[in-house]
Structures are given as structure tokens and as C-alpha cells.
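Participant: Below are the sequence and a predicted model for it; my questions follow.
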Amino acid sequence: MSSGSEICYGNLGLGMSMTSIPVNPELLRWARKRAGMTQNDLTTRFKKLVEWESGEIRPTLKQLESFASTVHVPFGYLFLTEPPDERLPISDFRTVTDVVSARPSPALLDTVYTMQRRQEWLREYLIENDMEPLAFVASANLSDAPEVVGREMRRALGLEEGWATGVSTWRDAVNEIRHMIENLGVMAVINGVVGNNTYRRLSVTEFRGFALTDYYAPLIFVNGAHSKSAQIFTIAHELAHIWLGKAGLSGFEKLLPGSTNVEDWCNRAAAELLVPSQELHIRWKQVRQQLKPFEAIAHSSKVSPIVAARRALDLKLIERSAFFDFYNDYTKIEREKGTKSSGGNFYSNQNARIGKLFASRVIKAAMEGQLGFKEAYQLTGLRGGTFQDYAHQLGFGIS
């Protein structure tokens, strides 16, 4: 936000809550459209919105604050001279053209900013406490064979052959891999909403996940609005970004190469991590004559059937036409079924939305006086009793 806008905001004064505030109508229209809302969406709550946007009437400070909160725009933005040119603060590796050309949604921007704040804090905390940098971060490059790196990632995680057969559900498989990743020192966050706000859902069509590389506090974020079977591939894909040292936003379609070198490389490394070629060659001989061979592979490997089919295509076990036929049929069925997800236990959800790795560090810092509790609340998105209850869930005693 510019210094000029800070001056305007500072001159409002606490006694002006009932006084009309001079605000550029263009900023009001921009903020509404930024949130993907029409005037009709908001006029029930803001009856004079049409007049505000035309400049006939000015809102009061209280109304303006409520408006900013409703459209999820930083309050100070409404006092800029013109709408800001909001851009993603990280590289954009998405391969879906119409999504890439679109302006990032407020939900996506808020999520990225929150993760960046957490990473920045954890990095400083770890350095201050004399922690060593992580050797695997940016240890690979695009000239390396992604399949070789995928096997290296698998060994680092401790994924033994046939591990997925011992996991009963895709949800358990996601949690298992996420725990392994956090044990490496990588923050692994899975969330389908902004923070804990269930009214602000993240869009699967906009992005699948993103990675924030750092030698001390690398972070991967997976869009939890997607199915659990799809989340497994995304979490492996984003981990490949950490190994490659390429931070950025991911959104891939059909898992096919040819869009960006980085995304293709990460897809191939992730595929080898989850479905090793040697294992798939053996498994394919067992299931290729079955009515649903890809579903069989998916069940035993705990990946989505689409990943299983794409892996078979990579290894030349099927033709491209067979893959596309399956992909089109399967995605059609998925769209018709829709996505269903249960709310789950609030505190269990925090293990994925915040992550034990990050939460434990924040709680420990707060208890030892290295961090104020107010800042701890802001970093975790939890407040007061809720923060303390979650700390107890993690084994910390806070009185």
C-alpha cells in the first residue's frame, strides 16, 4: 500500500464512524469485481451500493469497513488513488491456459500471503536457534533424470515397497505421506478453505497446490478441495518442486508433458515416487486383463486412477488413445458425482491446515517467551482458548 493511502487512512479519525468517507467509486467497483461478486450479490447487505459505486452517496467508515470485510479486500486498498495491479508473489507454473490468464482470486492471494508469513517466521526462528539448512532443498536440477530423483525422494521419506497396501484409505495415505514429509523438515499444509473460514473455499480449477522453497523452512501447500486420491499426487508433485528448488504455483491438466519443463519434470518425479516403474511393470501383468485395471493399481498404490493410467502411458504399457479414452470417461463420472467431504474434527483438521511441524514451533516459542501470544494467534489463525486447546492436543501444557 502506498504511503499516500496510509495518510488518508490516518486522517479518518475514530470519531468519524458516522461521517461519510470520500472514497473513489472505482475502487469500490474494483473490490467487488475482485471478489467475483455482482451488485445484486451485495445490495441486500449494502442497500446503497449502487449509489456508492456511482458516486452519488458516500459510505460511512463503519459501512466501508464492513464492505472491505465482506469482499475480502485489505481496508487500506480502498483509499488508493487507483486499483492496484495484484500479481502472484510466486512464479506461476500452471498449465491450464484460461486459468493462467485470469487474475488470482482473493482466496488464493490470501492463502499464499499467509503461507509466506509462516515461512518467514519459521525461517528466522530456526536460524536464531542454530538449526542447520536442509541438504535436499534445491539438490536437483532439470538436467537430472526425474525418475532417479523420484526414487531418491522415496528413500528420503522412507517409503518402503508395498507401503500403500498397508494403508486402508486414501485419507490415511495422504496423512501418512504428509507426516513423512514433515519429518524431513518440510511444512506440509493441506486446506480447502482460507484458514478456517468454511465460507471461503479454494478453487480446484484455479490451482492444485504451490511450493515455497527455502533451505531452512520449505513449505508445500495442497488444495484440499480436491479429492484425497488427487491430493496424494499433488503433495508428491510439490515435494519435487522443493527438491528442484523451484517455488511456484501448480495447476496441471491430464498430467501430460509439454506445457512447462518444470511441471513436466515434477510430474515425472512424483509419479516415480508414488508408483515406481519396477512395481508397476509387475502389477500390470496381474491386472491388465481386469475390467478396471487402473482402479486396481490405484487401490494398491493409493493414487488416483488417472495417475495410474498416466503412469501406464509413461511406461508404454498402454497407447495414448487408451489413456485419453479412460481420462475422458473417468473425469466425466467424477464431475457427475461431485466432490463430497466431511467437516471432520476441528483439531484434527488443524494438523493438516497448520501442520504439527509449524504449530509445535510456534507454541514452543510462545511458551518460552520468544514470541508473544498475540503474534502466535495471528500466525496459526487460532485464538485464545482454541489455541490453548490445540496446544494441549499436541502435548503442550499451557495454563
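Facilitator: Ah, there it is.
Participant: so where's this protein uncertain?
Facilitator: Within the chain, the stretches with pLDDT under 70 are 1-18, 96-102, 162, 166, 253-259, 334-344, 398-399.
Participant: can you pull the contacts of the residue lying closest to Ala247 once chain neighbours are set aside?
Facilitator: Counting by CB to CB, 6 or more residues apart in numbering, Ala247 lies nearest to Thr213, which is 4.4 Å off, once chain neighbours are set aside. C-beta coordinates here come from the backbone N, C-alpha and C atoms, glycine included. Thr213 sits next to Val137, Ala138, His241, Ile242, Gly245, Lys246, Ala247 when contact means CB atoms under 8 Å, 6 or more residues apart in numbering.
Participant: go with 10 Å
Facilitator: Neighbour list for Thr213: 90, 119, 137-138, 186, 219-220, 241-248 [criterion: CB atoms under 10 Å, 6 or more residues apart in numbering].
Participant: likewise His241?
Facilitator: If you count contacts by CB under 10 Å, 6+ apart, then His241 has 91, 93, 209-213, 218, 220, 247-250, 262-263, 265-266, 269-270 around it.
Participant: try it again with 7 Å
Facilitator: Counting by CB atoms under 7 Å, 6 or more residues apart in numbering, His241 makes contact with Ala211, Thr213, Ala247, Gly248, Cys266.
Participant: Please identify which of those is nearest to Ser229.
Facilitator: Nearest to Ser229, judged by CB to CB, of the contacts of His241 is Cys266 at 18.2 Å.
Participant: What is the burial count for the closest one?
Facilitator: 29 (other CB atoms under 10 Å).
Participant: Same question for Phe324.
Facilitator: Applying other CB under 10 Å, I find that Phe324 has 14 neighbouring residues.
Participant: swap in Asp41?
Facilitator: Quick note: Asp41 (other CB under 10 Å) scores 14 neighbours.
Participant: which phi and psi does it have?
Facilitator: Torsion angles at Asp41 (phi, psi; degrees, to the nearest 10) stand at phi -70, psi -20.
Participant: residues contacting it?
Facilitator: Counting by CB under 7 Å, 6+ apart, Asp41 has no contacts.
Participant: Okay, it and Lys33: tell me how far apart.
Facilitator: 11 Å (CB to CB, to the nearest Å).
Participant: Repeat that for Asn183.
Facilitator: 44 Å.
Participant: what do you get for Ala322?
Facilitator: Taking CB to CB, one finds Ala322 at 44 Å from Lys33.
Participant: and if you look at Asp264?
Facilitator: For Asp264 relative to Lys33 (CB to CB), the value is 35 Å.
Participant: ok, those two, which is more surrounded?
Facilitator: Ranked by neighbour count (other CB under 10 Å), Asp264 and Lys33 place Asp264 first, with 18 against 13.
Participant: Please settle this for me: is the more buried one part of a helix?
Facilitator: Yes: assigned with DSSP: H, G, I helix; E, B strand; the rest coil, Asp264 falls within a helix.
Participant: still on that earlier bit, looking at the contacts of His241, which one is closest to Lys48?
Facilitator: Gly248 (42.1 Å).
Participant: tally of neighbours for the nearest residue to that closest one once chain neighbours are set aside?
Facilitator: Excluding the flanking residues, the one nearest Gly248 by CB to CB, 6+ apart is Ser91, at 3.6 Å. Neighbours of Ser91 under the rule other CB under 10 Å: 15.
Participant: Ala173 too?
Facilitator: For Ala173, using other CB under 10 Å, the count is 22.
Participant: tell me the contacts of it?
Facilitator: By CB under 7 Å, 6+ apart, the residues touching Ala173 are Ala164, Val167, Ile232, Lys302.
Participant: got TSV for the residues you listed, with distance to Thr380 and secondary structure too?
Facilitator: Listed next are these as TSV, based on distance: CB to CB, whole Å; DSSP: H, G, I helix; E, B strand; the rest coil:
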residue	distance to Thr380	secondary structure
Ala164	31	helix
Val167	28	coil
Ile232	26	helix
Lys302	29	coil
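Participant: Could you identify which of the residues you listed has the most neighbours?
Facilitator: Greatest neighbour count in these, by other CB under 10 Å, goes to Ile232: 28 neighbours.
Participant: What sits closest to Glu161 if chain neighbours are left out?
Facilitator: In space, Glu161 is closest to Glu279, 6.6 Å off (CB to CB, 6+ apart).
Participant: Confirm the one you found sits in a helix?
Facilitator: Yes: judged by three-state DSSP, Glu279 forms part of a helix.
Participant: where's Ala376 relative to Met367, distance?
Facilitator: Going from Ala376 to Met367 by CB to CB gives 9 Å.
Participant: And this protein, what are its domain boundaries?
Facilitator: Using automatic domain parsing, the domain parsing of the chain gives 3-79, 97-274, 346-393.
Participant: Of those, give the one that comes closest to Trp284.
Facilitator: domain 97-274 (14.3 Å).
Participant: Pull out the buried residues from the one helix or strand Arg117 maps to.
Facilitator: Using DSSP states H and E, Arg117 sits in helix 106-128. Buried residues in helix 106-128, counted by 16 or more other CB atoms under 10 Å: 106-112, 114-115, 118-119, 121-123, 125-126.
Participant: which one among those residues gets closest to Gly55?
Facilitator: Using CB to CB, these come closest to Gly55 at Pro106, 24.2 Å.
Participant: quick one: contacts for the closest residue to the closest one other than its chain neighbours?
Facilitator: Spatial nearest neighbour of Pro106, excluding adjacent residues (CB to CB, 6+ apart): His72 at 4.5 Å. Taking CB under 7 Å, 6+ apart as the criterion, His72 is in contact with Ala35, Pro106, Asp110.
Participant: Check whether His72 sits in a helix, strand or coil.
Facilitator: Recorded secondary structure, His72: coil (three-state DSSP).
Participant: Relative to Thr234, how far out is it?
Facilitator: Using CB to CB, we find His72 at a distance of 24 Å from Thr234.
Participant: cool, and Lys62?
Facilitator: 42 Å.
Participant: Who has more neighbours out of these two?
Facilitator: Counted by other CB under 10 Å, Lys62 and Thr234 do not tie: Thr234 has more neighbours, with 25 against 13.
Participant: tell me which element that one is part of?
Facilitator: Here Thr234 sits within helix 228-244, counting by DSSP H and E.
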